[in-house]
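**Q** Give me coordinates for this.
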Amino acid sequence: MRNNEIFENNKEKTAAFLYIATGLASQHVPINFNFLKQIIMKVCGLDVHKDSIFCAIYNGKTYTEVKVYETFTNSILSMGNYLQSEGVKRVAMESTSTYWIPIWDILVEMGFELTLVNSNQTKQMPGRKGDEEDAQWISLLLHKGLLRGSMIPGPIIQELRVYSRKYTKLVQQQTQALVKMDRIMVISGIRISSCVSNLGNKSVMNIVNALIEGEINPDKLSSLVYANRENKRTGKLREALTGNLKDSHRRELKWAKQEYDLFEDQARECLAEMQRICEFHYPQELKLITTIPGISLISAMIIIAETGADMSVFENSGKLAGWAGLRPRNDESAGKYKSTATTKGNKYLRTILVQIAWAASRTKGSYFMEKFNRLALRKSRKKALVAIARKILVITWNLLNEKTPYNPNLIHIYDPVKVAAKIAYHEKEIEKAAKLLNKAV
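**A** Numbers count the residues shown, from 1 in each chain. Next up, the predicted model:
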């Protein structure tokens, strides 16, 4: 009986919920449109700064008073309680640096439906710029359904991204430390970089360790270098290792080597954590991606971290390519294309894909090597490399979407419309050449 009484007392609210779910109004029960507006119309826009958050609520007609909260945890919780008391469910905020992350985490735990948007979508018209106006403008755009939210991955992918992006930065810092050590040795007259192609190999590290310990005899230093027979035979290696190392240089070289070792240890820890997460949560995806030529285990883990390994988020492979910044921009006016440069996108994913394309284009017998050579004939090698990176990403989307490994025996299907357009273009070029040569085709 008690449940029936509750239902009878909330008939109007129940009808309103049915109206939302089905779009149909009940013929017997009147709809409480005030309640309907309250649960549908009220939205919130947050203008996030380093030390403050401007909070504006919009109900479809008027704005509430814009409240300012601090970015401390207790203040964010107070803001969430205020929004709950006002009946707000949908909240939108700009992706301001990293300041939005703690706000997002707290509001998600409180049950809000959040939308993270790019600031380019919410820019005000000139002359109307202000923190309170920004918050109101965001709430208005959210209410009108004009905001497109960014992809926010789940907690597992977020953890994996922490390690993968840290690893990428550590590799860059390792390279900087190697360049620093080489600069110190060059100042000291030691030119080992003139005799080796890779500063990070074991021979160079042996030389650096010996110099730090005080060894300056070029013959003993030469014995620490593996291979390099031609330079040893001609005496070039001995000359390159003959220098004037001072105590200040030795100490500076020691500090640079300590930095390099620290970065190497941290990178090793990051790789171990990345492999642990991928092998436990994404073993099938990891196995599928590594079947593509040029993709190593590390590259596959970075791709999983950046894409989330869930292709249902992207409508098709073209959407994924555009999100990664590997698709030509749409800049057409009056039938003319002003620019075909690639769009901005996920820089971490784009970087690793270009590196993969560089390796795939040098894999003998692969489709990517043949395609790269053909593209490089009519455009720059860098542009051809970006095109190969896009093709690899498209293949990755199909593999993860269909859960099938890479099959190099599949015949590449060309678009008949594009093929016909190319044939027509070449026929026109042949006619122009024939006219210039006064010959009939």
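**Q** where exactly do the helices run in the stretch 101-250 of the chain?
**A** 131-144, 155-187, 202-213, 218-223, 229-234, 236-240, 247-281 (DSSP state H, counting those that start in this stretch).
**Q** out of those, nearest to K371?
**A** helix 155-187 (26.8 Å; Cβ to Cβ). Glycine gets a C-beta too; all of them are placed from N, C-alpha and C.
**Q** Which positions in that closest one come out as buried?
**A** Neighbour-count burial for helix 155-187, counted by 16 or more other Cβ atoms under 10 Å, picks out 156-157, 159-161, 163-164, 166-168, 170, 173-174, 177-178, 180-182, 184-185, 187.
**Q** ditto for stretch 133-145
**A** D134, A135, Q136, W137, I138, S139, L140, L141, L142, H143.
**Q** what are the ranges of the strands in this protein?
**A** Secondary structure of the chain by DSSP state E: the strands cover 43-48, 52-58, 67-70, 90-94, 113-117, 332-333, 336-337.
**Q** pLDDT of the last one, averaged?
**A** What that stands for is strand 336-337. Across strand 336-337, the average pLDDT comes to 66.
**Q** same thing with the fourth one?
**A** Confidence over strand 90-94, taken as the mean pLDDT, stands at 92.
**Q** list the helices and strands it packs on?
**A** Strand 90-94 sits against strand 43-48, helix 100-109, strand 113-117, helix 131-144, with contacts defined as 3 or more Cβ pairs under 8 Å, 6 or more residues apart in numbering; DSSP states H and E.
**Q** Let me see the domain layout of this protein.
**A** Domain assignment for the chain, taken from automatic domain parsing, gives 2-34, 43-144, 161-257, 282-331+340-402, 411-441.
**Q** low pLDDT regions in the stretch 101-250 of the chain?
**A** Residue ranges of the stretch 101-250 of the chain with pLDDT under 70: 124-128.
**Q** try it again with 50
**A** Nowhere does the stretch 101-250 of the chain drop to pLDDT under 50.
**Q** would TSV of the helices and strands packed on strand 90-94 with distance to C55 be doable?
**A** Listed next are these as TSV, based on distance: least, Cβ to Cβ, whole Å:
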stretch	distance to C55
strand 43-48	6
helix 100-109	10
strand 113-117	13
helix 131-144	6
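**Q** of all the ones you listed, which lies closest to Y58?
**A** Here helix 131-144 is closest among the helices and strands packed on strand 90-94 (Cβ to Cβ), at 3.9 Å.
**Q** if we can go back for a sec, mind checking which of the helices and strands packed on strand 90-94 is nearest I388?
**A** strand 113-117 (31.8 Å).
**Q** got the CA coordinates for the closest one in PDB?
**A** C-alpha atoms of strand 113-117 as PDB (Å, rounded to 0.1, in the frame of the first residue of the first chain):
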ATOM      1  CA  GLU A 113      27.000  14.200 -16.100                       C
ATOM      2  CA  LEU A 114      30.100  16.100 -17.100                       C
ATOM      3  CA  THR A 115      31.300  17.500 -20.500                       C
ATOM      4  CA  LEU A 116      34.800  18.700 -21.100                       C
ATOM      5  CA  VAL A 117      35.100  21.000 -24.000                       C
END
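**Q** That strand vs strand 90-94, what angle?
**A** 20 degrees (axes from the mean of the first three to the mean of the last three Cα atoms, to 10 degrees).
**Q** please renumber so the chain begins at 873
**A** From this message on, residue numbering opens at 873, which makes the last subject strand 985-989.
**Q** Packing partners of strand 985-989?
**A** Here strand 985-989 is seen to pack against strand 962-966, helix 972-981 when contacts are counted using 3+ Cβ pairs under 8 Å, 6+ apart.
**Q** export those to a markdown table and tack on distance to K1294?
**A** Below are those laid out as a markdown table (distance: least, Cβ to Cβ, whole Å):
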| stretch | distance to K1294 |
| --- | --- |
| strand 962-966 | 44 |
| helix 972-981 | 46 |
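**Q** Make JSON lines from these and add mean neighbour count and distance to E1136 to it.
**A** Shown next, in JSON lines, are the helices and strands packed on strand 985-989 (neighbours: other Cβ atoms under 10 Å; distance: least, Cβ to Cβ, whole Å):
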{"stretch": "strand 962-966", "mean neighbour count": "23", "distance to E1136": "38"}
{"stretch": "helix 972-981", "mean neighbour count": "16", "distance to E1136": "29"}
